[in-house]
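Engineer: Here is a sequence with its predicted model. Questions after.
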Amino acid sequence: MKVTFFLGRFPIPSETFVLNQITSLINLGHEVSIVAVWSGANDYKHKNYFDYNLRDKTHYLLPNEKKGTLAKTLNRLLSIIGHLGRKQVRVAMDNRRFGAHAKSLLLPAVIAQNPPQSPADVIIAHFGIEGVLAMKLCELGLLKGAICTVFHGIDISQTDILQRYQTDYQRLFKETELLMPISYLWKTKLEKMGCPADKVKVFRMGVNVNDYNYQPRTLAHDRLEIISVARLMEKKGLDVAIKACALLKSRNVDFRYRIVGHGPLADKMRALVDELNLNDRVTLLGFQPQHKVKELLAESDIFMLPSVTGADGDMEGIPVALMEAMAVGLPVVSTFHSGIPELIEHQKSGWLAPEYDSEALANIIENILNNKGSLRQMLDHARDKIETEFNEDITNQELSKSLVRSFT
C-alpha cells in the first residue's frame, strides 16, 4: 500500500510521534513517502531518521523559503510570475475558492514550484490545518490519494485557528475520507462541529514500550526528585508547577525539581523561579538529547505535567511525555485537561489536579511522599495502560489494518 505523509514541517524534535508512525508503517511493509511544506530542524539527530533514510523519502514543497513576512511574500511572488501561463497556478490564486492559502500566495507558489507527486492510496495529514492544505493540493492535482487527517490538539482547540479555518474545516469534513482524532474528547468535538460520525475514528498516538524499561519507583531517595519534560509554552502549565514547588518548600519538603525543554516562555519561567526564591530547588535544563532525557528520567521519583488551557484556547492532545513516564515506572501527576483523563485514571494509574491549581499539585505530591509504600499497584496499572492502549506497535498495526480495509 502506498502511503504519503503530508506535514507542515519535517522533522520536528518534539513530534517524535510522527516519526514513529512513519517508521512503523515502513516496518509493516507499506511504501511510504513524505511530503512536507518546509524543512524542520537542520540539526535533527534522531537515530531512526537516518536508519530509515527518511531524508531521501521526503519531498519539500518550499525548501528554500525565506523567513519574515515581506521576504516570504516577495519570494513567493517571484516564483509565481514565470508560471502564470499555467492554468493551475492561476486557479490556485483564487481567493474566493482557496481563502488564506491563496491570499498568502502559499498555494500558487507550491503549484508553481512543484510537479505533481506520485499518487498514493492514502495521504495521512498530521494536524487539521495540514489536512486542509492537502485537500486543496489534491483539488489542484499536486497530490492524489484518500485523505486521512489526524487531529491532535491546537488544531481543534485554539480559538484563532477554529475561527480562521471554520469554512475550510467544513469542506474537509465533506471531502475527506477519514478523520483520526487522538482522543474521544476530540472525536466528540469533531462530530459537534458537523463531521459525520462514520468518518471519525479515534487512533491513539503511543510509545514503543520496548524502548522503556519498567522500573517502578519506590521513592527511596533522601531528596524527592521531580521532573518535567515539556516545551516551555503556556499549555504545559509549568508556571503552576513552579508555584506548587514554592508551597512544597514552605512546607519543608526536601525536593529538587528539574524542567527539561525549551520554548518561548523560558525567560518567564526563569524569572518566576527567581521571584519565588527557588533557585536552590528548581533548575531549567533547556533542551536535552533523547539519551540524556532517559538518564534524567531514571534519576527521578515523580513526573509532573500540569497541563492547562491557554488564554488563546490552545489545549493538549494526550501528551506523549506522560506515556513515556508511565512506561518507565514513574508516578505521574497531571491535570483534568483535554484527553489526559483518557490516559491517567485519577488515583488508579496516576494523579490529576484541577487546572491552574498549584495547591492541589503540592497536596498530591505530599500525599505521594507520605504513602509511598502503596505506590506499586498504581505504577503497575499505569504500565499496563501503556502496554494495552498506548503501545505504538498495537496502535500502528490497528491503523495499518484499518487503512488496508478501507482503501485497497
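Structural biologist: Nice, thanks for sending it over.
Engineer: contacts, neighbours, all on C-alpha from now
Structural biologist: Fine.
Engineer: any idea whether the residue located most distally from the centre of the chain is helix, strand or coil?
Structural biologist: Of all residues in the chain, the one whose C-alpha sits farthest from the chain's mean C-alpha position, using C-alpha atoms, centre = their mean, is Gly85 at 40.1 Å. Here Gly85 takes the coil state, with states given by DSSP: H, G, I helix; E, B strand; the rest coil.
Engineer: Now do it, the pLDDT please.
Structural biologist: Confidence per residue is given as pLDDT, and for Gly85 that number is 94.
Engineer: how far away is it from Lys235?
Structural biologist: Distance, Gly85 to Lys235, by C-alpha to C-alpha, to the nearest Å: 46 Å.
Engineer: do Val229 as well
Structural biologist: Per C-alpha to C-alpha, Val229 is found 13 Å from Lys235.
Engineer: Please apply the same query to Pro264.
Structural biologist: 12 Å.
Engineer: would you say Met180 is within a helix?
Structural biologist: No. Per three-state DSSP, Met180 lies outside any helix segment and is strand.
Engineer: how about stretch 319-332 as PDB, C-alpha atoms only?
Structural biologist: Presented in PDB, the C-alpha positions along stretch 319-332 are these (Å, rounded to 0.1, in the frame of the first residue of the first chain):
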ATOM      1  CA  PRO A 319       1.000  14.200  25.900                       C
ATOM      2  CA  VAL A 320       3.400  11.500  24.900                       C
ATOM      3  CA  ALA A 321       5.700  12.600  27.700                       C
ATOM      4  CA  LEU A 322       3.200  11.300  30.200                       C
ATOM      5  CA  MET A 323       3.100   8.000  28.300                       C
ATOM      6  CA  GLU A 324       6.800   7.700  28.500                       C
ATOM      7  CA  ALA A 325       6.900   8.400  32.200                       C
ATOM      8  CA  MET A 326       4.200   5.800  32.900                       C
ATOM      9  CA  ALA A 327       6.100   3.300  30.800                       C
ATOM     10  CA  VAL A 328       9.300   3.500  32.900                       C
ATOM     11  CA  GLY A 329       7.500   3.300  36.200                       C
ATOM     12  CA  LEU A 330       7.400   7.000  37.300                       C
ATOM     13  CA  PRO A 331       4.400   8.200  39.300                       C
ATOM     14  CA  VAL A 332       2.600  10.800  37.100                       C
END
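Engineer: let's number from 34 now, not from 1
Structural biologist: Okay, using 34 as the starting number, the last item reads as stretch 352-365.
Engineer: Would you mind pulling the contact partners of that stretch?
Structural biologist: Counting by C-alpha atoms under 8 Å, 6 or more residues apart in numbering, the neighbours of stretch 352-365 from elsewhere in the structure are 50, 238-240, 242, 245-250, 262-263, 330, 333-338, 373, 376, 383-384, 408, 412-413, 415-416, 419-420, 423.
Engineer: do the same with stretch 389-403
Structural biologist: By C-alpha under 8 Å, 6+ apart, the residues outside stretch 389-403 that reach it are 252, 270, 273-274, 276-278, 280-281, 286, 339, 341, 366, 384, 386-387, 408.
Engineer: got the buried residues for that stretch?
Structural biologist: Along stretch 389-403, these residues count as buried under the neighbour rule (16 or more other C-alpha atoms under 10 Å): Tyr389, Asp390, Ser391, Glu392, Ala393, Leu394, Ala395, Ile397, Ile398, Ile401, Leu402.
Engineer: Which positions in stretch 264-281 come out as buried?
Structural biologist: Of all the residues in stretch 264-281, those buried under the rule 16+ other C-alpha under 10 Å are 264-281.
Engineer: Of these, which belong to strands?
Structural biologist: Secondary-structure check on those using DSSP state E: no residue lies within strands.
Engineer: which stretches of the protein aren't confidently modelled?
Structural biologist: 77-78 (pLDDT under 70).
Engineer: show me where it has strands.
Structural biologist: Taking DSSP E to define them, one finds strands in the chain at 35-43, 64-72, 91-93, 155-159, 179-184, 211-214, 257-262, 288-293, 315-319, 335-337, 365-368, 384-386.
Engineer: Would you give the sheet partners of the fifth one, along with the direction of each?
Structural biologist: Looking at strand 179-184 with DSSP bridges, its paired strands and their directions are strand 155-159 (parallel), strand 211-214 (parallel).
Engineer: Restrict the shortest one to CA atoms and write it as PDB.
Structural biologist: What follows is strand 211-214, C-alpha atoms only, in PDB (Å, rounded to 0.1, in the frame of the first residue of the first chain):
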ATOM      1  CA  LEU A 211     -11.400   9.800   7.400                       C
ATOM      2  CA  LEU A 212     -10.700  12.000  10.400                       C
ATOM      3  CA  MET A 213      -8.500  10.400  13.000                       C
ATOM      4  CA  PRO A 214      -8.600  12.300  16.400                       C
END
